[in-house]
Structures are given as structure tokens and as C-alpha cells.
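[1] just coords:
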């Protein structure tokens, strides 16, 4: 199970009733935070989420509304007795900016390692999640992220028995390692079915839609995508400012065959995004214009 | 008239129901902000105060809870069409830290000049206010500030007439300049009464009480002073961490003969500071434990 909480839905600046966009993804005892603007730590408290358990902060880009809350969060994590290391992933060149902003949170009681992604596409494993970082198309270098729980096929005890594998070695095969039985190697694929559908959450903000981002979002159980502007009359502005309209986000979700879409990163000028719900759902049925602190759980399908 | 709004009352970290301590002082069309932690710009919006009109930001010290909101505020001021220069005053050595934090708000459409105060005591005029910065006693270099509207004596038209001063020159004398009448100089004090009581607001936070801070607060109409800890059992911690208890703040107000006292900068561990109201008012009658966004107007006395 993955659970996600969209901590805020605003872009550009925090408002009294709309915090800056940030996402908390939790899986198997670890928390992953995507972006940390001014006020994100307060939203974590409002959501009842632990700051202590944040193992990684994934930065999309170095605009203030996405990273200005970093020093405050790290200091509050220290106050919550965090002592284990924290990883910050960020686009190329971002480490210097992050270090500059974090001059006011020196001497933390835990290690913070900033990993700049290199190249347009990176994949890595972190605390059991398979994470992909894909470069986006914004006014500055920017990353979108997907989080996947990859799920192996079902273990077939009959096959294992027929191959003479000792019962004590079954869990080793289930972990994906080869064992030995009767003097010959038994690979996991000899006793496991085809990989089952896992879980996938994709987070795309501060970008134009691109083919690479469609590929990143492909088959997501939940796609969280920016919709800076609701009205079609702002399509030109969206292109110029390297953002998206609601309809562009809906198109991206459709093309990527996402199961669900949440919009976020609304322009401060967009007083009431919710009145566009019907129109959005005409374009992509299973979509939501969320409020701050929208939560959901993603569960494995029974197969 | 001066009006003040205490934007938040918290110390160390912002909480859902308690923003970080920051003060907005308005006088004669200008706004002055003291400190700008994470979330201060949201508090300004909640209070209905203009970001556009902030002419100066007075920084007490460079701990994150006092300056982490600076880049976001400056960017939002830019969005509110601010084009006039902004002054930031700060303690010695603070400019480099502020510039480092503000790496994410480069290319503002207005000039920001950072003025480090030198020495333990500075006085300067800014937009009609007489401001005093006094070094405090904290774990890092820290300033307390007072804001005064100094008020000249009443103009005596009979004296001016008797001295033969042309009516057109009366306003020049009232401004404090010397004029000429019948070939001899007429100084303001020849036609003006003794200076009248003006208005004074003093803001003291993140410090132990000191004789110099008592002098700074002397005769304040309103003293806003930190009270990090309410309980006497925390007096030792207050000394060690270079903060104050409620009773130390009350003592400071009494010794400084302040008219009114507001406490602020409550420890996150202090869930309910308001239950200490009676005890505080026993120590200093005209005192308040304010909520965020507490406002008041200070008016000239009729003389």
C-alpha cells in the first residue's frame, strides 16, 4: 500500500486558504516529500504526518515556492529527534542553491546528502520504492517524479516442490535470488508467475506537457499534475510561462492512460478552481480538483 | 497615529494555530515589518495588510524562524507591483546570510539595500519614524528595535506675530527650520513650546533582559516582548537558551515604565499560554497574552 497526501494545491505564493503544492508519499514506514515551499511543515502537522519519518525530499526545481520551506522543515525534523540521514534529490545545479538557502539550518543532527540527478532520465531505488526522475519543460531545469511499488509474480509452491527446492529456500526465491536444488541452480522465474501490477504515483508540476512526461506517467494509478490555469483563454499564457491548463493536464492523463488525475499548483489568480470540475471530468472522467490535504490510499489489486 | 499588528506569536517553528512572531508597524502610509519567518506573508494577507507598502524590514537576527520567509515575501511584493526600494536593517554580519537565503529571489523589480547596524546602539530616521536598534543578549548577534514618532511642541502664533514672522514662514518654523524676520534669525524654539509626548513601540525578542534593553523600552506606549516560557520552573532553561520567562518580561516592562505589555515568541511546548494571564497581570497589570494578528492603534494624547 502507498498512501499519499497532497499537502497544498497552490502555485507561486502561499495564500491563507491555499498552501503551496507539496506531496507526501508514504510506503512501508518511510515518507517521501516532493517539494517543500513556505508552509509545507505546517501542512504536514495539519495532516498529522510525521516529520521524523521523512527519509527523502525530492525537489522538482529551485523556485522559491518549491524549496523555501526546506530549512524550516529540516530544523523541525531535528526538533522531532530525527537522527537518521536524509536524502534530497534535485535537478542538475540545484545543490548549490539548496545549500545557499539552507545556510540558516547548519549543524543539523543528521546527515543531509543532496543528489543531483544527471541526464534527462534517472531511475533509482529508495526504501523499497522505484523512483524515476524525468526532466520537464519549465523556465528552469525541473524534474517530474514517479513512485512505483514493483510487484513480483505469484510464487508457485507446486513448481518449487517439483524442482526439489527446500522449503527453507522458498523465501530466498521470493526475494528474487537464485537458489540451488539437487546440484542445479533454480532461478526465481522458474517458480514465479509473471510480474503482477504494482502501484504507481506520478507527480508532474511546473512544466509543459511533453512526450517524455507522458511516458513517465504511463499507467499511473494516480497522476498528480499541475493545472496552473483553468480557462482556455489562458492557454497562451500557459505556453509562455511553461505551465499547463486544466485541459492540457487532462489530455496528458488520457494519453498516459492514468487511472486517476488530481490537479494542483493553481495560480493565485484562480479564486475558485472547483467550478471547473464538470468541464474537467468531461475531458478526463476520473479526475479531481483537490483541496489542500487531499489524501488517498493506493492498494494492490487482487490477482 | 501608529498602528501595529502582531502577525504571529510563536517561536522556533510555525504551528497550525500559531504563526511565527513578526510585527507590522504602520505610520503615515509606510509599513515596517520586524522579522519575517516562514509564513509571515500569509499572516500579512490574513490581517489585510498591504505587502506593496512595506518600506523596511527590520531583522532582529538570522535564526530561521525570523528570516526564512524573506525570499517569499520579497517575491510576493514584486507580484504586488512594488517598485520602490526596500531597506532591510540587520545586525552585524547578517547581510551575507540574508543574501544567501535570498538566492531564490534574485532579479527583483526593486532595489533591496541591506544595512548592517554597527555598534551596540544605532538610531536613524526612516519614513518619519525615529528608529533605535539596540543589541540584545542572545546566542547569536541580535537586535531589539524601538519605533518612535517624536512630536514637537505646540506652535505659538502670538509669539510668532510678536517677533514679526511672516505668516507664510510659520510652517517652516513648525518643520523645525530657522527663518528670518526683520533681519534677524528666528529659531523654532523661540515660537514652539516644549516637545510633547510622542508615540513609542518597542519590540524585544530572543534575548535575556539587559539594562540596555530596559533603556530602549523606557516609556514605551507598547512594549512587545518575548516570553518564551511561562512557568517559573523553566527559568533555568530561559537563562541557558538566552530567552525570557513571562515574569522576566513583566519585570522588564515594569522597570522600563511601559504603558502596556504584549508577550510573544511562545515556545512550541507551551500549548496554552493564555492560562497564565492572571498571573502575568498580577506582575504587570496592563499586559496581554495576544493571539496571532492582535492589532492596536496608538494615538497622540491630547495636550
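    Here it is on my side, so go on. Note that the structure is predicted; figures quoted are calculated from it, not measured. Numbering: from 1, shown residues only, chains lettered A, B, ... in the order given.
[2] only C-alpha atoms from now on, for both contacts and neighbour counts.
    Fine.
[3] am I right that residue A:75 falls within a helix?
    Yes - under DSSP: H, G, I helix; E, B strand; the rest coil, residue A:75 sits within a helix.
[4] residue of the stretch 151-300 of chain A nearest chain B, please.
    residue A:268 (10.5 Å; C-alpha to the nearest C-alpha).
[5] please name the nearest non-neighbouring residue to residue A:238.
    In this structure, residue A:238 finds its nearest non-sequential neighbour in residue A:244, 5.3 Å apart by C-alpha to C-alpha, 6 or more residues apart in numbering or on different chains.
[6] right, and the one you found touches residue A:208 too?
    Yes - because the distance of 5.7 Å satisfies C-alpha atoms under 8 Å, residue A:244 is recorded as touching residue A:208.
[7] list the residues that contact both of these two?
    With contacts defined as C-alpha atoms under 8 Å, 6 or more residues apart in numbering or on different chains, the residues shared by residue A:244 and residue A:208 are residue A:238.
[8] quick one, which of the two is more surrounded?
    Set residue A:244 next to residue A:208 and count neighbours by other C-alpha atoms under 10 Å in any protein chain shown: residue A:244 wins out with 29 against 22.
[9] for chain B, what's the nearest residue on the stretch 51-200 of chain A?
    For the stretch 51-200 of chain A, C-alpha to the nearest C-alpha, closest residue to chain B: residue A:101, 4.3 Å.
[10] all strands for the stretch 101-250 of chain A, in order.
    Taking DSSP state E, counting those that start in this stretch as the criterion, the stretch 101-250 of chain A contains strands spanning A:112-116, A:121-126, A:129-135, A:143-151, A:179-181, A:184-186, A:196-204, A:222-226.
[11] tell me which of those is the most buried.
    strand A:222-226 (a mean of 27; mean count of other C-alpha atoms under 10 Å in any protein chain shown).
[12] near chain B, which residues of chain A?
    Residues of chain A found near chain B (C-alpha under 8 Å from any C-alpha of the partner chain) are A:13-16, A:38-39, A:41-43, A:45-46, A:62-65, A:68-69, A:71-72, A:76, A:97, A:100-105.
[13] which of those count as buried?
    A:13-15, A:38-39, A:41-43, A:62-65, A:68-69, A:71-72, A:76, A:97, A:100-105 (16 or more other C-alpha atoms under 10 Å in any protein chain shown).
[14] from those, which land in helices?
    Using DSSP state H to define helices, the subset of those located there is A:41, A:42, A:43, A:64, A:65, A:71, A:72, A:76, A:97, A:100, A:101.
[15] roughly how far apart are the last one and residue B:252?
    With the distance defined as C-alpha to C-alpha, to the nearest Å, residue A:101 ends up 36 Å from residue B:252.
[16] again, but for the fifth one
    Taking C-alpha to C-alpha as the measure, residue A:65 and residue B:252 are separated by 40 Å.
[17] ditto for the fourth one
    Here the distance between residue A:64 and residue B:252 works out to 39 Å (C-alpha to C-alpha).
[18] tell me where chain A has helices.
    Taking DSSP H to define them, one finds helices in chain A at A:40-46, A:64-67, A:70-79, A:94-101, A:157-162, A:170-174, A:211-217, A:235-240, A:246-255, A:277-283.
[19] in a markdown table: those, plus mean pLDDT.
    Output for the helices of chain A, formatted as a markdown table (pLDDT from 0 to 100):
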| stretch | mean pLDDT |
| --- | --- |
| helix A:40-46 | 98 |
| helix A:64-67 | 98 |
| helix A:70-79 | 98 |
| helix A:94-101 | 98 |
| helix A:157-162 | 93 |
| helix A:170-174 | 91 |
| helix A:211-217 | 98 |
| helix A:235-240 | 97 |
| helix A:246-255 | 98 |
| helix A:277-283 | 98 |
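[20] tell me the most buried of the ones you listed?
    helix A:64-67 (a mean of 24).
[21] just checking, what packs against that one?
    Where contact means 3 or more C-alpha pairs under 8 Å, 6 or more residues apart in numbering or on different chains; DSSP states H and E, helix A:64-67 is packed against helix B:70-79.
[22] so residue A:193 is in contact with residue A:155, correct?
    Yes - applying C-alpha under 8 Å, one finds residue A:193 in contact with residue A:155, separated by 6.4 Å.
[23] so between the two, which is more surrounded?
    Under the criterion of other C-alpha under 10 Å, the comparison of residue A:193 against residue A:155 puts residue A:155 first, with 19 against 13.
[24] what's near enough to touch that one?
    Going by C-alpha under 8 Å, 6+ apart, residue A:155 touches A:174, A:191, A:192, A:193.
[25] who's it bridged to?
    Note on residue A:155: beta-bridge partners residue A:192, judged by DSSP bridges.
[26] could you pull out the buried residues of stretch A:14-33?
    Neighbour-count burial for stretch A:14-33 [16+ other C-alpha under 10 Å]: A:14-15, A:18-27, A:30-33.
[27] looking at the residues you listed, which are in strands?
    Within the buried residues of stretch A:14-33, residues falling in strands by DSSP state E are A:22, A:23, A:24, A:25, A:26, A:27, A:30, A:31, A:32, A:33.
[28] closest to residue B:128 out of those?
    The nearest member of those to residue B:128, counting by C-alpha to C-alpha, is residue A:22 at 42.1 Å.
[29] give me the pLDDT for the closest residue to residue A:128 other than its chain neighbours.
    Once flanking residues are discounted, residue A:128 sits nearest to residue A:149: 7.3 Å by C-alpha to C-alpha, 6+ apart. As predicted, residue A:149 sits at a pLDDT of 96.
[30] quick one on the thing from earlier: test my guess that the residue of the stretch 51-200 of chain A closest to chain B contacts residue B:102.
    Yes - shown here, residue A:101 and residue B:102 form a contact pair, counting by C-alpha under 8 Å, at 7.2 Å.
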